[in-house]
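Enquirer: sequence? don't have it. structure:
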């Protein structure tokens, strides 16, 4: 392969001298590699000789150029396969709130404990994650409800309270806990996090009476246009919003706790999934004890 690399570098630079400098070799050593390749192929690849400062490709050399590039590419791909033989790959689909509450620290721990594990993280809603798992397009899901399908299994990771969020720049956040009875529907921004939360919400405010219904929190942020605007979100989401200038308050009459699950295919026993599960459960337990 070094002979191919030397040939391609001479072709690129048009000079054995320049190619030798680029390859950190002496000119005679590189010339010997090219000569050996020509003997092996039985053709002359470059016109060179006394008085020539440039190495000009022969017709045979020009024809061999594409072959050499493909051979080198295939060789490098084969080497990548060998290097990747010890790697493990995992795709995790995650609800947005868990990206702040869990995933950064979880991935850092996995990298430290299992450097051979390559994790791809995707952002999806719970219903989408169930479908992706069943279709084998992702390997593990962090969801906000347990799966109903027998082909999937869910394990509770952690629970968190909901909080009311308000604008921080002159918003109408109460001094203490927020009373749902005092939050006016026409200023509410609603996102359905899970079934129990939606049921609780509809007991306080008439369905579709709120100012805005959204499907993601980043969308909701755009519509906090009036001081009285408010939104009720899981604690991890509230903390994330606080870092972006919002304020949050606990609720006097709160919804059921927001529950987050680790969801996988029922018969998937891969070691990399075991690593992910153990790290996720340990981190969630530490957060719960804190």
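Expert: Structure's in. What do you need? Just so it is clear, the model here is predicted, and its values are computed rather than measured.

Enquirer: so which bits of the lengthiest helix in the chain are buried?
Expert: Secondary structure of the chain per DSSP state H: the longest helix is helix 59-84. Of all the residues in helix 59-84, those buried under the rule 16 or more other C-beta atoms under 10 Å are 61, 64, 65, 68. (Glycine included, C-beta is placed from N, CA and C.)

Enquirer: for residue 245, grab the count of nearby residues.
Expert: Neighbour count for residue 245, taken as other C-beta atoms under 10 Å: 12.

Enquirer: residue 196 versus the nearest residue to residue 229 once chain neighbours are set aside, what's the distance?
Expert: Spatially, and ignoring its direct neighbours in sequence, residue 229 is nearest to residue 187 (4.8 Å; C-beta to C-beta, 6 or more residues apart in numbering). Distance from residue 187 to residue 196, counting by C-beta to C-beta, to the nearest Å: 23 Å.

Enquirer: same deal with residue 138?
Expert: 25 Å.

Enquirer: residues in contact with the most centrally placed residue in the chain?
Expert: The chain has residue 121 as the residue nearest its centroid, 3.2 Å off, counting by C-alpha atoms, centre = their mean. Counting by C-beta atoms under 8 Å, 6 or more residues apart in numbering, residue 121 makes contact with 91, 92, 93, 94, 99, 103, 107.

Enquirer: quick one: it is in a helix?
Expert: No: in this structure, residue 121 is strand, not part of a helix, as judged by DSSP: H, G, I helix; E, B strand; the rest coil.

Enquirer: who does it bridge with?
Expert: Beta bridges link residue 121 to residue 92 when assigned by DSSP bridges.

Enquirer: now swap in residue 189 and tell me
Expert: Counting by DSSP bridges, residue 189 is bridged to residue 212, residue 231.

Enquirer: that one - how many residues pack around it?
Expert: There are 22 residues near residue 189, going by other C-beta under 10 Å.

Enquirer: that one contacts residue 212, doesn't it?
Expert: Yes: applying C-beta atoms under 8 Å, one finds residue 189 in contact with residue 212, separated by 4.8 Å.

Enquirer: mutual contacts of those two, please.
Expert: Common neighbours of residue 189 and residue 212 (criterion: C-beta under 8 Å, 6+ apart): 220, 223.

Enquirer: residue 8 in helix, strand or coil?
Expert: Residue 8 is classified as helix under three-state DSSP.

Enquirer: ok, for it, nearest residue in space, not its chain neighbours?
Expert: That would be residue 68: by C-beta to C-beta, 6+ apart, it lies 5.7 Å from residue 8.

Enquirer: give me every residue that touches that neighbour.
Expert: Contacts of residue 68 by C-beta under 8 Å, 6+ apart are 4, 7, 8.

Enquirer: could you pull up phi and psi at residue 283?
Expert: Main-chain torsions, residue 283, degrees, to the nearest 10: phi -70, psi -40.
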